[in-house]
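Undergrad: Any chance you could fold what I've pasted below:
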Amino acid sequence: MDRAGYRLGFAAEDIDAVAAHAFLTKAYWSEGIPLATVQRAIANSLCIALHADGQGQVGFARVVTDRSTFAYLCDVYVLQAHRGQGLADWMVQSLLAHPDLQGLRRFMLFTKDAHPLYARHGFKPLAAPERGMEVVRPGIYLTATPRADHA
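TA: Residues are numbered from 1 along each chain as shown. Sure, this is the predicted structure:
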């Protein structure tokens, strides 16, 4: 999918884990995340990459999903120099239109500061937040020992 100076891609060869890691390791939600963790997350998710002509990957998002009933949108970013052009909207719209994400019972995400972006795509605050539960481990990547990969 192309748009003046930009291209979106879902294929494994379109995804630059090192570029994603460079952003995610500094993001408020994944500060200090190891490259191996990002690589494993990408391998087990449906991902989309935003490439700028001659500049490589400048945006990324991934969806954790069973491709049948549930999806969780996460790790969405567009580098600062490329913001303000509707590129995040384009990425989210393209993800939501992906054939593997149709007919899902629930599609979730969490955000600290991008509510208007996601609201434009139909996301709403939790209807029954009292039903949800979570385990949160802030700073886990800053203090944890990396998990060994399993063969």
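Undergrad: Mind listing the residues bridging to residue 108?
TA: On DSSP bridges, the residues paired with residue 108 through beta bridges are residue 72.
Undergrad: Give me the distance between it and residue 123.
TA: With the distance defined as C-beta to C-beta, to the nearest Å, residue 108 ends up 8 Å from residue 123. Backbone N, C-alpha and C define where each C-beta goes, glycine included.
Undergrad: The two - which one has more neighbours?
TA: A count of neighbours by other C-beta atoms under 10 Å puts residue 123 above the other of residue 108 and residue 123, at 17 against 14.
Undergrad: For that one, give me phi and psi.
TA: Dihedral angles of residue 123 (phi, psi; degrees, to the nearest 10) stand at phi -70, psi 140.
Undergrad: Report the contact partners of it.
TA: Residues near residue 123 by C-beta atoms under 8 Å, 6 or more residues apart in numbering: 107, 109.
Undergrad: Would you map the helices across the chain?
TA: Along the chain, the segments classed as helices by DSSP state H run 17-24, 35-43, 87-96, 115-119, 140-143.
Undergrad: Buried residues in the last one, which are they?
TA: For helix 140-143, the neighbour count (16 or more other C-beta atoms under 10 Å) marks residue 141 as buried.
Undergrad: for the third one, same thing?
TA: Residues of helix 87-96 classed as buried: 87, 88, 90, 91, 92, 94, 95, 96 (neighbour count, 16+ other C-beta under 10 Å).
Undergrad: Same check on the second one?
TA: Within helix 35-43, the residues scored as buried using 16+ other C-beta under 10 Å are 37, 38, 39, 41, 42.
Undergrad: swap in the fourth one?
TA: Of the residues in helix 115-119, those with enough neighbours to count as buried (16+ other C-beta under 10 Å) are 117, 118.
Undergrad: which strands and helices sit next to it?
TA: Packed against helix 115-119 by the contact rule (3 or more C-beta pairs under 8 Å, 6 or more residues apart in numbering; DSSP states H and E) you find helix 87-96.
Undergrad: by contact count, what packs against the helix it packs on?
TA: For helix 87-96, the helices and strands in contact under the criterion 3+ C-beta pairs under 8 Å, 6+ apart are strand 6-9, strand 46-52, strand 56-65, strand 70-78, helix 115-119.
Undergrad: Okay then, goodbye and thanks.
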